[in-house]
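*Asks:* just to be clear, the model below is a prediction. Sequence and coordinates:
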There are 2 protein chains.
Amino acid sequence: MGITVAIVGVGLIGGSFGLALRKAGVAERVLGVSSPATLAKATGLGIVDAGLPLVEAMAEADLVFLSATIRSIINTLPALSETLKPGALVTDAGSTKRAIMQAAGQVPGMRFVGGHPMAGKERSGVEQADSELFAGRQWVLCAGADGQPKSLEQLREIVSAVGAQPVEMTAEAHDALVARTSHLPQLLSTALAATLDHRLDSARPMLAGPGLLDATRLAQSPFHVWRDILETNSDEIAAAMEEFQQQWQRQRVSLGVDAALETDFQRACGFASRLRQQQE
Amino acid sequence: MGITVAIVGVGLIGGSFGLALRKAGVAERVLGVSSPATLAKATGLGIVDAGLPLVEAMAEADLVFLSATIRSIINTLPALSETLKPGALVTDAGSTKRAIMQAAGQVPGMRFVGGHPMAGKERSGVEQADSELFAGRQWVLCAGADGQPKSLEQLREIVSAVGAQPVEMTAEAHDALVARTSHLPQLLSTALAATLDHRLDSARPMLAGPGLLDATRLAQSPFHVWRDILETNSDEIAAAMEEFQQQWQRQRVSLGVDAALETDFQRACGFASRLRQQQE
């Protein structure tokens, strides 16, 4: 016997979660809260059973998944206070956690656990939804202000059911970590592509091997996804950029001095190799 | 009726070229010049028909492909002078071109065209050789000091026969371009991985999505491949690093100032998108 899930923001992540929950037998009914155009696509694809206004969806949902932008999640949270079904569990998929956890902490009586699935695709939108998107991926869980171990336990089971690996940490630890492992790589890819756009003559043939495609993949991310991330994690991102800057400056000075750069390459190789072992 | 090809340095690139030439019907006989261990693997895999010392291979080869490291190519070139079969065409696969073209220009009477296939794999070694490695990839050709249009035309045909797209340019233009599109991305990936290795507590769980795997893929490159590249292109690489530094500094200052960063994201998105259109 499955539960009723409301997905608020039916894009790649929300749509994939709906599909995965249904496939796992966790969800019996999936409700969508999104724009009319998106809901039409999502119902057409069989991802949501019905599109509803927020208040109506909240009245029915046992599990609420907030998967719009960070700013939109923060703006939606206060509206949940009066509308949730008693006992409903609320979670989210926001890419930064401190601002959302703080906003959620101000909603009285809500069972909330913050979440961040470390999954994605080159293209966004509900058309890209994929029930296997979370398989083998980490899914960060941040215990809410209510401090109920039962809420955390329940979400851990749900996340495991869609194939993800739950990782518990504080919002502070999460934001510090993703500033280094996600936001810094994004800004580097953007800076590389912007540099090449600026410095290369676009009328002449480009020379590009597979490495440049990898290095500029994140640069394709649209700014509207990143605006809120940069805004709600600017202190940690600034620190990560400074840490990178120190390493970069070191390499610039080492250029032509074999021994120093060799150490950097070995260190980098070791990290890249450990990262891949962890992912296997 | 195919020709006899000598591959000097039978690794991923040399081995793949041998396989591709045989498959295309260009090569009738493929000779390998490499270490005994590599030659044993290459003959076992059917990539070379025979492993020979350099002098003996040169006496038979109609086409000589120098595919060892840059330093090794530069050291081998003077030895070719007295040993080449009359009319033989010599080319190479070095990742920088100015130093090699200069060294080749000092070998009297040699028909030489510089080359650089923009292809590769995450792993190196002859075991990774693949007859399709060059399919659809660019292959830079630099006209040699002999200035014979026939040499260039001959190599253009050979490169096209293995499925690559020949791109003619000067060694200077090549080195300036790859400093930006290949060497800069490598150094950024190395710097990112080295920063994370340095700053993250390796005892704690890492958070990593697919973006970090892309961003650290080049960081796996071993230094011995890069030592010669950095040494023979240090002026252009230093300039590319400075160009990146200006963009990076601009983004650091813009953090928290939406409008400026949005322009950078748009510019980066545009570049990444054009790059992909060109590759298709």
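*Replies:* Yep, it's here.
*Asks:* I'd say A:Lys121 and A:Leu12 touch.
*Replies:* Yes - using Cβ atoms under 8 Å, A:Lys121 makes contact with A:Leu12 at a distance of 6.0 Å. In this view, the C-beta of every residue, glycine as well, is placed from N, C-alpha and C.
*Asks:* which neighbours do those two share?
*Replies:* Contact criterion Cβ atoms under 8 Å, 6 or more residues apart in numbering or on different chains; residues shared by A:Lys121 and A:Leu12: A:128, A:133.
*Asks:* more neighbours, those two?
*Replies:* A count of neighbours by other Cβ atoms under 10 Å in any protein chain shown puts A:Leu12 above the other of A:Lys121 and A:Leu12, at 20 against 14.
*Asks:* all strands for chain A, in order.
*Replies:* Remark: strands assigned in chain A by DSSP state E are A:3-8, A:27-33, A:50-51, A:63-66, A:89-92, A:111-117, A:138-143, A:165-168.
*Asks:* can you put the ones you listed in a markdown table and add mean pLDDT, distance to B:Ser221 and mean neighbour count?
*Replies:* Converted to a markdown table, those look like this (pLDDT from 0 to 100; distance: least, Cβ to Cβ, whole Å; neighbours: other Cβ atoms under 10 Å in any protein chain shown):
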| stretch | mean pLDDT | distance to B:Ser221 | mean neighbour count |
| --- | --- | --- | --- |
| strand A:3-8 | 98 | 42 | 24 |
| strand A:27-33 | 97 | 45 | 23 |
| strand A:50-51 | 97 | 49 | 16 |
| strand A:63-66 | 98 | 40 | 26 |
| strand A:89-92 | 98 | 38 | 26 |
| strand A:111-117 | 97 | 30 | 25 |
| strand A:138-143 | 96 | 26 | 22 |
| strand A:165-168 | 96 | 29 | 16 |
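*Asks:* okay, these in CSV with distance to chain B next?
*Replies:* CSV is the format used below for those (distance: least, Cβ to the nearest Cβ, whole Å):
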stretch, distance to chain B
strand A:3-8, 20
strand A:27-33, 24
strand A:50-51, 29
strand A:63-66, 18
strand A:89-92, 16
strand A:111-117, 8
strand A:138-143, 6
strand A:165-168, 6
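*Asks:* compare these and give me the one nearest B:Ile158.
*Replies:* B:Ile158 lies closest to strand A:138-143 among those, at 47.8 Å (Cβ to Cβ).
*Asks:* what angle do that closest one and strand A:111-117 make?
*Replies:* Per axes from the mean of the first three to the mean of the last three Cα atoms, to 10 degrees, the angle that strand A:138-143 makes with strand A:111-117 is 160 degrees.
*Asks:* can I get the CA coordinates of strand A:138-143 in PDB?
*Replies:* The C-alpha coordinates for strand A:138-143 follow below in PDB (Å, rounded to 0.1, in the frame of the first residue of the first chain):
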ATOM      1  CA  GLN A 138      24.600  10.100  -2.800                       C
ATOM      2  CA  TRP A 139      21.600  11.800  -1.300                       C
ATOM      3  CA  VAL A 140      22.400  14.200   1.500                       C
ATOM      4  CA  LEU A 141      20.000  14.300   4.500                       C
ATOM      5  CA  CYS A 142      20.000  17.200   7.000                       C
ATOM      6  CA  ALA A 143      18.000  16.600  10.200                       C
END
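*Asks:* what are the pairing partners of that strand, and which direction each?
*Replies:* Sheet pairing of strand A:138-143 (DSSP bridges) gives strand A:111-117 (antiparallel), strand A:165-168 (parallel).
*Asks:* I'd like those laid out as TSV, including distance to B:Asp92.
*Replies:* TSV is the format used below for those (distance: least, Cβ to Cβ, whole Å):
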stretch	distance to B:Asp92
strand A:111-117	47
strand A:165-168	47
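*Asks:* out of those, which comes closest to B:Met206?
*Replies:* Closest among the strands paired with strand A:138-143, using Cβ to Cβ: strand A:165-168, at 9.5 Å.
*Asks:* quick check: the gap between the closest residue to chain B within the stretch 1-150 of chain A and A:Val107.
*Replies:* For the stretch 1-150 of chain A and chain B, the shortest gap (Cβ to the nearest Cβ) falls at A:Met118, measuring 4.3 Å. Counting by Cβ to Cβ, to the nearest Å, the gap from A:Met118 to A:Val107 is 26 Å.
*Asks:* check contacts around the residue of the stretch 1-150 of chain A closest to chain B.
*Replies:* So A:Met118 contacts A:137-140, A:182, B:207-209 (Cβ under 8 Å, 6+ apart).
*Asks:* apply 7 Å and report the result again.
*Replies:* Contact analysis of A:Met118 by Cβ atoms under 7 Å, 6 or more residues apart in numbering or on different chains lists A:137-139, B:207-209.
*Asks:* cool, A:Asp146 as well?
*Replies:* Counting by Cβ under 7 Å, 6+ apart, A:Asp146 touches A:111-112.
*Asks:* same question for A:Thr181.
*Replies:* A:Thr181 is in contact with B:196, B:206-208, B:212, counting by Cβ under 7 Å, 6+ apart.
*Asks:* any weak-confidence spans in the stretch 51-200 of chain A?
*Replies:* Residue ranges of the stretch 51-200 of chain A with pLDDT under 70: A:147.
*Asks:* contact residues of it facing chain B?
*Replies:* Of all the residues in the stretch 51-200 of chain A, those in contact range of chain B (Cβ under 7 Å from any Cβ of the partner chain) are A:118-120, A:138, A:140, A:167, A:177-178, A:180-182, A:184-200.
*Asks:* report the buried members of the residues you listed.
*Replies:* By neighbour count, with 16 or more other Cβ atoms under 10 Å in any protein chain shown, these hold A:118-120, A:138, A:140, A:167, A:177-178, A:180-182, A:184-197, A:199-200 as buried.
*Asks:* narrow those residues to those in helices?
*Replies:* A:177-178, A:184-197, A:199 (DSSP state H).
*Asks:* give me the neighbour count for A:Ile130.
*Replies:* One thing to correct before we go on: residue A:130 is Asp, not Ile. Neighbours around A:Asp130, by other Cβ under 10 Å: 14.
*Asks:* what about the nearest residue in space to it that is not next to it in sequence, how many residues nearby?
*Replies:* Among residues not flanking A:Asp130 along the chain, A:Ser16 sits closest, at 5.2 Å (Cβ to Cβ, 6 or more residues apart in numbering or on different chains). By the measure other Cβ under 10 Å, the count of residues near A:Ser16 is 28.
*Asks:* look at A:Ser16 and report its pLDDT.
*Replies:* pLDDT, A:Ser16: 98.
*Asks:* got a list of what it touches?
*Replies:* A:129-131, A:133-134.
*Asks:* out of those, which end up buried?
*Replies:* Among those, those scoring as buried are A:129, A:131, A:133-134 (criterion: 16+ other Cβ under 10 Å).
*Asks:* tell me where the stretch 1-150 of chain A has helices.
*Replies:* Counting by DSSP state H, counting those that start in this stretch, one finds helices in the stretch 1-150 of chain A at the ranges A:12-23, A:36-44, A:54-60, A:70-80, A:98-105, A:149-161.
*Asks:* tell me which of these is the most buried.
*Replies:* Mean neighbours per residue, mean count of other Cβ atoms under 10 Å in any protein chain shown, is largest over the helices of the stretch 1-150 of chain A for helix A:12-23, with a mean of 25.
*Asks:* pull the CA atoms of that helix into PDB?
*Replies:* Output of helix A:12-23 as PDB, limited to C-alpha atoms (Å, rounded to 0.1, in the frame of the first residue of the first chain):
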ATOM      1  CA  LEU A  12      14.300  16.800 -14.000                       C
ATOM      2  CA  ILE A  13      14.800  16.000 -10.300                       C
ATOM      3  CA  GLY A  14      11.100  16.200  -9.300                       C
ATOM      4  CA  GLY A  15      10.000  14.200 -12.300                       C
ATOM      5  CA  SER A  16      12.700  11.600 -11.800                       C
ATOM      6  CA  PHE A  17      11.800  11.200  -8.100                       C
ATOM      7  CA  GLY A  18       8.200  10.700  -9.000                       C
ATOM      8  CA  LEU A  19       9.000   8.000 -11.500                       C
ATOM      9  CA  ALA A  20      11.500   6.300  -9.100                       C
ATOM     10  CA  LEU A  21       9.000   6.300  -6.200                       C
ATOM     11  CA  ARG A  22       6.400   4.800  -8.300                       C
ATOM     12  CA  LYS A  23       8.700   2.200  -9.700                       C
END
